[in-house]
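K.L.:
Got a predicted structure here, sequence first:
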Amino acid sequence: MDVSNILNDLNEVQREAVSAPDRSLLVLAGAGSGKTRVLVHRISWLTTVENVSPYSILAVTFTNKASAEMRQRVEKMQSQSMAGIWVGTFHGLAHRLLRSHWQQAGLVQSFQILDSDDQLRLVKRVILALELDDTQWQPKQVRGFINACKDEGDRPQHIADNGDPVRRQLVRIYSAYEAACKRAGVIDFAEMLLRSLELLRDNKDLLAHYQQRFRHILVDEFQDTNAIQYAWVRLLVGKDNNIFVVGDDDQAIYGWRGARVENLQKFRKDFPQTRIIKLEQNYRSTATILSAANAVIGNNGDRLGKRLWTAGSDGQPITYYQAYNEFDEARFIIDKIKQWVSDGELRADVAILYRSNAQSRVFEQTLNAEQIPYRIYGGLRYFDRAEIKDCIAYLRLMNNVLDDTAFERIVNVPARGIGGRTLEIVRERAKTAEITMWQAAEQLIKEKALTARAANALQSFLDLMAEMQAACIDVELHEKVEHVIHQSGLIEHHEKDKSEKSEQRIENMEELVGAAKNFTVAEDEAQDMDKITAFLTYAVLESGEGQAQEWEDCVQMMTLHSAKGLEFKQVYICGVEEGLFPHQRSIEDASRLEEERRLCYVGITRAREQLTITNAEHRQLYGRDTYPRASRFISEIPAELVADVRLRTQVSEPQYVSDDLCENETGGFQIGQRVMHPKFGEGMVLNFEGSGAHARLEVNFEFEGTKWLVISYANLSIL
């Protein structure tokens, strides 16, 4: 049989994986090693060479896009329809099972699926029906608890409260939520997988039917499976079926949403005859970039182990730039991008990657100033984010209580018991009396035209705004912003939800303090408006600036998590600093630190030709001044792979001291210099004070904090 069309364009190891005898097979596929090609060619091999019926193949992917691409590529290779193959996401395939066997699954035939917003609304109704305070039992937090339980395969009756009254109440809400779903004939996304698992587990004949049918099961991105997804696959495979999984433990970066990298190790234990084939030849990046990635990820323990290599060139060294601050960092990167474009390259081939969404603000500001189009992949521009719009709405209403749009946005954010009916009454009074909603609220409260509960909730909001107005008289702009995000309850509101997204929202709001701190009003504008009005105008204009369209040639910006699966000619990874990347909350946790390192590995391997890594000696982030150390990930890259760029003569240093302070009066020390003290260790010069024998230096030491030292006695040495 001629199999040249299946094997000819594969390398030796890929051929080995595609043509392997039927059994349990784990393909450990490194970044850029052609794993999708292997999956597609494996299916073609099974149907063409092994004469396997398409009806006996089940292929699981993680996105609808990936499943559609896989089907199209298989059909193109086979030159015929492959409709018999079940190809889809975990949720898509589970849904198909439930539609086919709705009665055995305990569902109504016309069951509907709740999206995330619908689920949240139902959770809110359940909380109110149980006469619980939804400010204490946050619907988003409860929804997260319910989904997490389902992802672990737990029903309410399976969950022990261990004497914890909070957990007991959450289980009670979960139970009531399940009852509400059953009455309404609806299921949520997490329920699809759990219900389909229970369907197969509890119906032996049905399980036997599907185990007999799907003799060949293929799973992509196996390192991203959670507990219930693994259990679902394990159940379908049974004892006799063949399973072909593709994964990479070095790219497991979704532990925060339930994915279990240990499923790869568990797979080897559950299927002891598993054969491992490693795809290590990379078709994306230069040898230098791959060597850096290998060196960094090599510091993680308990890996299955592989080492990426390429037949291509070494390429350019990795550029490393240590900026003075975040603005210098942004200027350096944008200047390099401008040079890239002037050399005839496309902006769309450039990506700026960052660990925290909040980092995008300074880059957006700089790109807008330079009129360079950009697009934030998988996210919103900084001033378009809901939590930022909430903060801005509070500031707008503080600045002008007649602002109805701001009033409506935040009157019940965070939830304070002001329902839709109350708002409708306020809205109607404002319309009828031709007054603002603030004035209408005051009238209705005074006239006792609302229920006591509604009136109290509304009065509390008006009092809160009045208190914040009074507290913010004659204070700096950034202090107003900081006061608002804390006193409004927005920070506390998001802190109750322990998810990764909530942490990002808090970071974004705290970054607004930094935006206010650095905001300046042009001289011509200062004559027409005060600083708070100018800042609010700036925020609206920034929000109104639409992103570039997908088809436009524009710079790509995204978090490192969003970058997985993508590749670009030129990649910038910025903010590579201890406490930012790796993130502060991961530094003390060994498993989370390893996931941060895997995230770094993913970021490095996005680059095809050029990789630039940057950090800053001083960074104002989340409204706080920090003097971070370079990330440990930088020191893990071999020095011979890195070109250290220093542009100190080309950028403006921060002006902390008067211009007439000359260098010889400070003993030769300069702001930004690294110095060593015999007792306090290594530090950086931040400031000067005085002159002659009384001259002092302010130094930020890595382990001792900031100290003022008299130069003549300090015994400092310049590093």
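P.N.:
Received, thanks.
K.L.:
State the three-state secondary structure for the residue lying closest to F332 once chain neighbours are set aside.
P.N.:
Excluding its sequence neighbours, the residue lying closest to F332 (Cβ to Cβ, 6 or more residues apart in numbering) is Y321, at 5.4 Å. From N, CA and C alone the C-beta is placed, and that goes for glycine too. At Y321, secondary structure determined by DSSP: H, G, I helix; E, B strand; the rest coil is strand.
K.L.:
Y321 and E329 touch, don't they?
P.N.:
Yes - with contact defined as Cβ atoms under 8 Å, Y321 counts as touching E329 (7.5 Å).
K.L.:
Which one of these two is surrounded by more residues?
P.N.:
Set Y321 next to E329 and count neighbours by other Cβ atoms under 10 Å: E329 wins out with 25 against 21.
K.L.:
Give me the common contacts of Y321 and E329.
P.N.:
Shared contacts of Y321 and E329 (Cβ atoms under 8 Å, 6 or more residues apart in numbering): T614.
K.L.:
picking up where we left off before, beta partners for the residue nearest to F332?
P.N.:
T614, V645 (DSSP bridges).
K.L.:
what about it, distance to S33?
P.N.:
30 Å (Cβ to Cβ, to the nearest Å).
K.L.:
what do you get for E595?
P.N.:
The value you get for E595 to S33, if Cβ to Cβ is used, is 21 Å.
K.L.:
which of the two has more neighbours?
P.N.:
S33 (25 against 21).
K.L.:
mind listing what that one touches?
P.N.:
279-283, 308.
K.L.:
Then F633?
P.N.:
Here F633 is in contact with 296, 576, 581-582, 597, 600 (criterion: Cβ under 8 Å, 6+ apart).
K.L.:
and L353, how many residues sit next to it?
P.N.:
L353: 30 neighbours (other Cβ under 10 Å).
K.L.:
Among the contacts of S33, which lie within strands?
P.N.:
L279 (DSSP state E).
K.L.:
Selecting buried members of the contacts of S33 in PyMOL, what would you type?
P.N.:
Applied in PyMOL, the following selects the buried portion of the contacts of S33 according to 16 or more other Cβ atoms under 10 Å:
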select buried, resi 279+280+281+282+308
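K.L.:
Would you mind checking which of the contacts of S33 is nearest to Y230?
P.N.:
Proximity of these to Y230 (Cβ to Cβ) peaks at L279, which lies at 21.8 Å.
K.L.:
I'd guessed that closest one sits against V18; true?
P.N.:
No - between L279 and V18 there is no contact under Cβ under 8 Å: 11.0 Å.
K.L.:
Please enumerate the shared neighbours of these two.
P.N.:
In contact with both L279 and V18: V38, using Cβ under 8 Å, 6+ apart.
K.L.:
Let me see the contact set for the spatially most central residue of the chain.
P.N.:
Central residue of the chain (Cα atoms, centre = their mean): H561, 5.4 Å from the mean position. Residues in contact with H561 (Cβ under 8 Å, 6+ apart) are 253-254, 599.
K.L.:
same deal with R275?
P.N.:
20, 23-26.
K.L.:
Same check on E326?
P.N.:
359, 362, 575, 616, 619-621.
K.L.:
Mind picking the lowest-pLDDT entry from those?
P.N.:
Across these, no position has a lower pLDDT than L621, which has 75.
K.L.:
burial measure for that residue, as a count.
P.N.:
L621: 24 neighbours (other Cβ under 10 Å).
K.L.:
will you turn the contacts of E326 into TSV that also has secondary structure and distance to V555?
P.N.:
Formatted as TSV, the contacts of E326 follow (DSSP: H, G, I helix; E, B strand; the rest coil; distance: Cβ to Cβ, whole Å):
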residue	secondary structure	distance to V555
Q359	helix	14
V362	helix	14
G575	coil	17
A616	strand	20
R619	strand	21
Q620	strand	23
L621	strand	21
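K.L.:
of the residues you listed, closest to R121?
P.N.:
Nearest to R121 among the contacts of E326, with distances taken as Cβ to Cβ, is Q359, at 32.9 Å.
K.L.:
Surely Q14 and V38 touch.
P.N.:
Yes - between Q14 and V38 a contact is recorded at 5.4 Å, counting by Cβ under 8 Å.
K.L.:
Between these two, which has more neighbouring residues?
P.N.:
Legend: neighbour count by other Cβ under 10 Å for Q14 and V38, higher for V38 (26 against 23).
K.L.:
Show the average pLDDT along the helix or strand that contains that one.
P.N.:
If you go by DSSP states H and E, V38 is part of helix 35-48. Confidence over helix 35-48, taken as the mean pLDDT, stands at 93.
K.L.:
neighbouring contacts of that helix?
P.N.:
By Cβ under 8 Å, 6+ apart, helix 35-48 touches 1, 3, 6-7, 10, 14, 17-19, 27, 29, 52-54, 57, 59, 66, 69-70, 73-74, 77-78, 82, 85, 216, 218, 220, 244, 246, 248, 279.
K.L.:
so how far is that helix from its chain's centroid?
P.N.:
Taking Cα atoms, centre = their mean, to the nearest Å, one finds helix 35-48 lying 32 Å from the centre of the chain it belongs to.
K.L.:
how about the helix or strand just after it as PDB, C-alpha atoms only?
P.N.:
Next helix or strand after helix 35-48 toward the C-terminus (DSSP H and E): strand 57-61. The C-alpha trace of strand 57-61 is given here as PDB (Å, rounded to 0.1, in the frame of the first residue of the first chain):
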ATOM      1  CA  ILE A  57     -12.600   7.100  16.200                       C
ATOM      2  CA  LEU A  58     -13.200   9.700  18.900                       C
ATOM      3  CA  ALA A  59     -10.900  12.800  18.800                       C
ATOM      4  CA  VAL A  60     -11.000  15.300  21.600                       C
ATOM      5  CA  THR A  61      -9.600  18.800  21.400                       C
END
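K.L.:
For Q584, the count of nearby residues, please.
P.N.:
Neighbours around Q584, by other Cβ under 10 Å: 11.
K.L.:
what's the distance between the closest residue to W45 other than its chain neighbours and Q504?
P.N.:
Using Cβ to Cβ, 6+ apart and skipping the chain neighbours, the partner closest in space to W45 is V18 (5.1 Å). Taking Cβ to Cβ as the measure, V18 and Q504 are separated by 40 Å.
K.L.:
Then L290?
P.N.:
Distance from L290 to Q504, by Cβ to Cβ: 30 Å.
K.L.:
the more surrounded of these two?
P.N.:
Per other Cβ under 10 Å, whichever of L290 and Q504 has more neighbours is L290, with 27 against 18.
K.L.:
tell me the pLDDT at that one?
P.N.:
Confidence score, pLDDT, at L290: 98.
K.L.:
which residues touch it?
P.N.:
282, 308-310, 605.
K.L.:
For these, work out which two are farthest apart.
P.N.:
Pairwise distances among these were taken by Cβ to Cβ; the largest, 12.5 Å, belongs to W309 and T605.
K.L.:
So those two - more neighbours on which side?
P.N.:
Neighbours per residue, other Cβ under 10 Å: of W309 and T605, the larger number sits with T605, 28 against 15.
K.L.:
if we can go back for a sec, list the residues that are in contact with both of W309 and T605.
P.N.:
Shared contacts of W309 and T605, counting by Cβ under 8 Å, 6+ apart, come down to 282, 290.
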